[in-house]
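Colleague: this one's sequence-less:
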């Protein structure tokens, strides 16, 4: 069993976490992607998912609460989802980067490289690489932990992407693909279709036939049977 923690960064009203024009809060992107990842992971075998953020966005859950919850659950991996920013106004900073703790824990660092590669390929954005930082969610977690910065809210082009459903889906798919590749997750098998069609409720195995003609001359019977077959009826002649 692979236990995956999803952490949509911040809350809806967290100060400063928004585009310069206020048209999008960072939480809106983070939470949408976390929900898409959570939904996609249901298609994999032996996977459990825990959200440590507030799905409503009303509360910016304290970082300690988030990591304590993940540690108590004994998770295997912690994924923190964010949108980046460079200052508070519009600028040219752009691209995607993934963070691990400053000590570069082996599992986290290798996972980060896989996820970063998937994100860049899926989105076509600039590759800013895997970086290190002393972020609380990377330092205080007792499992492999990565933090994905999926584009800059302070870049007009990327801000527009971050608002779009299609970009959010690309990001979610890339993170799921990275997790699946790294942890060798297998998709659940599709249910096999029944070789025998199900009978409607109350239907028996009895067959009822309707006679549409009786003739002394077989040729007349054959003529009618042929007409019925042309109209799509499985006509047959019995003596």
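Modeller: On my side now, so go ahead. In this text, all values refer to a predicted model and were calculated from it rather than measured experimentally. Residues are numbered from 1 along each chain as shown.

Colleague: which stretches of the chain form helices?
Modeller: Counting by DSSP state H, the segments of the chain that form helices are 26-41, 63-72, 106-123, 136-139, 156-163, 165-183, 218-230.

Colleague: mean pLDDT for those: which is lowest?
Modeller: For these, mean pLDDT drops lowest on helix 218-230, to a mean of 79.

Colleague: Report the buried residues of it.
Modeller: 221, 225 (16 or more other CB atoms under 10 Å). Placement of C-beta: from N, CA and C, glycine included.

Colleague: The helices of the chain: which one's closest to residue 99?
Modeller: Closest to residue 99 of the helices of the chain, according to CB to CB: helix 136-139, at 6.4 Å.

Colleague: Which strand residues bridge residue 146?
Modeller: Listed beta-bridge partners, residue 146: residue 79 (assigned using DSSP bridges).

Colleague: rewinding a little: so which of the helices of the chain gets nearest residue 193?
Modeller: With CB to CB, the closest approach to residue 193 among the helices of the chain belongs to helix 26-41: 23.7 Å.

Colleague: If you compare the directions of the closest one and helix 165-183, what angle comes out?
Modeller: Going by axes from the mean of the first three to the mean of the last three CA atoms, to 10 degrees, helix 26-41 is angled at 50 degrees with respect to helix 165-183.

Colleague: If you count neighbours, what's buried in helix 26-41?
Modeller: Buried residues in helix 26-41, defined by neighbour count with 16+ other CB under 10 Å: 26-38, 40-41.

Colleague: and the angle from it to helix 156-163?
Modeller: Between the axes of helix 26-41 and helix 156-163, defined by the same axes, to 10 degrees, the angle is 50 degrees.

Colleague: show me the contacts for the one residue sitting closest to the centre of the chain.
Modeller: Ranked by distance to the mean C-alpha position of the chain (CA atoms, centre = their mean), the top residue is residue 40 at 3.1 Å. Neighbouring residues of residue 40 by CB atoms under 8 Å, 6 or more residues apart in numbering: 172-173, 176.
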